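Colleague: With the input below, show me the fold.
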Amino acid sequence: LWRNWQRAFPAIPPVQPLMDASAGLTQVLLRTLRATGEPTRVYLAALQNGQPRWIAELNPQFLWGPVHDAMDGGVWSVRNAEGALLYPVANVTAPAAQRGTSADSVFRFQLFLGGEFGAPDWLFIQQAPPPRVSWLGWPLAVWLGLVAAATLLLIALLAQRQIRRTLVPLEQLTAGTRRLAAGDNSARVQVHSPDEFGVLAGAFNDMAAKIGAQFHALEGLAAMDRDILSCASVDSLARRVLDQLEGLYPEASAAVIWQKEPQNFRRAVLWHDGKTNKTVFDVRDVACDAAAQAQWSGLQGDRQFQINHAGENTLRDAPCLRSLMPPADGWVALLPLRQGEAVQALI
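Modeller: Residues are numbered from 1 along each chain as shown. Modelled structure (predicted):
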């Protein structure tokens, strides 16, 4: 021990430790002796008047036991003031679980030994890996990656749905506009979304319906002009007029009446049979007496009657004209066509 004590470091204490007066001005010194491939030996000696009273070598298992037990929380190493490795043993490869990496966090603190043992400070270094949080056996980073991927996928699906929701109505509106411009008056778009596209589709369908009705009316007027120029029969002209009225008022019944002889009228009727749910067209002669002739001639302007209702503006005031009317349940409007002072026809 004495020889090892003389070879140990430091030979001269860098700081003189305090003396224990109760022990007769005794100093306690600490020295270390390094040997290649072996644990660093640590010696303590009690000096009195410069002479050692006793020298002891510390048990490495006892000295470094707390450091070794703390290896579960990180990799520990101890160095002296010169940077020489005291623990673990130099030139001995530590297990993989006890080797630090560049990603580890490093914590250092010094143990001051000069005041008590007259020795240089020891530097304790801990290399601890970053904390690893896991859930259901998988690291938190994996879960965060999965959540990020799922979020991006959800955003992509929502964006695709929103784009499709926007583009599909626009495509239908564009196709409907092209069909309408090409002369297809039956062009309609089927967009029922509760947003501005649904409102726009409804406006487009209304516009297309009005344009179709106008074209139908113009075609009917053109057909009537052709019939008149070709001297067609009055029955065919009456049918043209009734077809136009049916297009404008699909739920209404209509009749065209004109006078052939003083007491003989011709009536063309287009009405809806509620029992068979069919539209009936009928042309026949209707005989009327002098009272009906007088009421016919007395029509001055458009009139509106309520069927079978007591009071003014009812067909009870014109019973003879009632026989000329088609079957009706509600109201009847009389539209006389006059030429000069005479009534030529009645709708």
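Colleague: what residues does stretch 104-117 touch?
Modeller: For stretch 104-117, contacts defined as C-beta atoms under 8 Å, 6 or more residues apart in numbering pick out 13-15, 17-18, 28-30, 44, 74-75, 100, 119-130. Any C-beta I mention is one placed from the backbone N, CA and C, and that applies to glycine too.
Colleague: Go again with 10 Å.
Modeller: 13-18, 27-31, 44-45, 74-76, 78-81, 100, 119-131 (C-beta atoms under 10 Å, 6 or more residues apart in numbering).
Colleague: Next, the buried residues of that stretch.
Modeller: L113, G114, F117 (16 or more other C-beta atoms under 10 Å).
Colleague: What about the last one? Give its phi and psi, please.
Modeller: Translated: F117. phi -120, psi 0 (degrees, to the nearest 10).
Colleague: For stretch 181-198, list every residue counted as buried.
Modeller: N185, A187, R188, V189, V191, F197.
Colleague: Let's have those residues in TSV, adding distance to L85.
Modeller: Formatted as TSV, the buried residues of stretch 181-198 follow (distance: C-beta to C-beta, whole Å):
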residue	distance to L85
N185	97
A187	90
R188	89
V189	83
V191	79
F197	76
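Colleague: Out of these, the closest to L245 would be?
Modeller: N185 (18.9 Å; C-beta to C-beta).
Colleague: which residues in the stretch 201-347 of the chain form strands?
Modeller: 254-261, 264-273, 278-287, 303-306, 331-334, 336-339, 342-346 (DSSP state E, counting those that start in this stretch).
Colleague: Need the buried residues of stretch 104-117 in a markdown table (columns: distance to E261 and pLDDT).
Modeller: Formatted as a markdown table, the buried residues of stretch 104-117 follow (distance: C-beta to C-beta, whole Å; pLDDT from 0 to 100):
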| residue | distance to E261 | pLDDT |
| --- | --- | --- |
| L113 | 144 | 88 |
| G114 | 146 | 85 |
| F117 | 148 | 87 |
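Colleague: Can you lay out those residues as JSON lines showing distance to H68?
Modeller: Formatted as JSON lines, the buried residues of stretch 104-117 follow (distance: C-beta to C-beta, whole Å):
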{"residue": "L113", "distance to H68": "20"}
{"residue": "G114", "distance to H68": "26"}
{"residue": "F117", "distance to H68": "22"}
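Colleague: Now flag whichever of those is closest to N264.
Modeller: The shortest gap between N264 and any of the buried residues of stretch 104-117 belongs to L113, at 141.6 Å (C-beta to C-beta).
Colleague: ok, for A70, nearest residue in space, not its chain neighbours?
Modeller: W76 (5.8 Å; C-beta to C-beta, 6 or more residues apart in numbering).
Colleague: er, L245 actually
Modeller: Nearest to L245 is A254, by C-beta to C-beta, 6+ apart, at 4.4 Å.
Colleague: looking at the protein, which helix or strand does the model trust least?
Modeller: Taking mean pLDDT, DSSP states H and E as the measure, the helix or strand of the chain with the lowest value is helix 319-322, at a mean of 57.
Colleague: V168 versus the residue of the chain positioned farthest from its centre, what's the distance?
Modeller: Relative to the C-alpha centroid of the chain, counting by C-alpha atoms, centre = their mean, N49 is the outermost residue, at 88.5 Å. Distance from N49 to V168, counting by C-beta to C-beta, to the nearest Å: 104 Å.
Colleague: tell me the mean pLDDT for the longest helix anywhere in the chain?
Modeller: Ordering each helix of the chain by length in residues (DSSP state H) puts helix 140-181 first. Regarding helix 140-181, the rounded mean pLDDT is 87.
Colleague: Same list (the strands of the stretch 201-347 of the chain) but as CSV, adding mean pLDDT and mean neighbour count.
Modeller: Putting the strands of the stretch 201-347 of the chain into CSV (pLDDT from 0 to 100; neighbours: other C-beta atoms under 10 Å) gives the following:
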stretch, mean pLDDT, mean neighbour count
strand 254-261, 75, 18
strand 264-273, 74, 18
strand 278-287, 71, 12
strand 303-306, 69, 16
strand 331-334, 74, 15
strand 336-339, 74, 13
strand 342-346, 74, 16
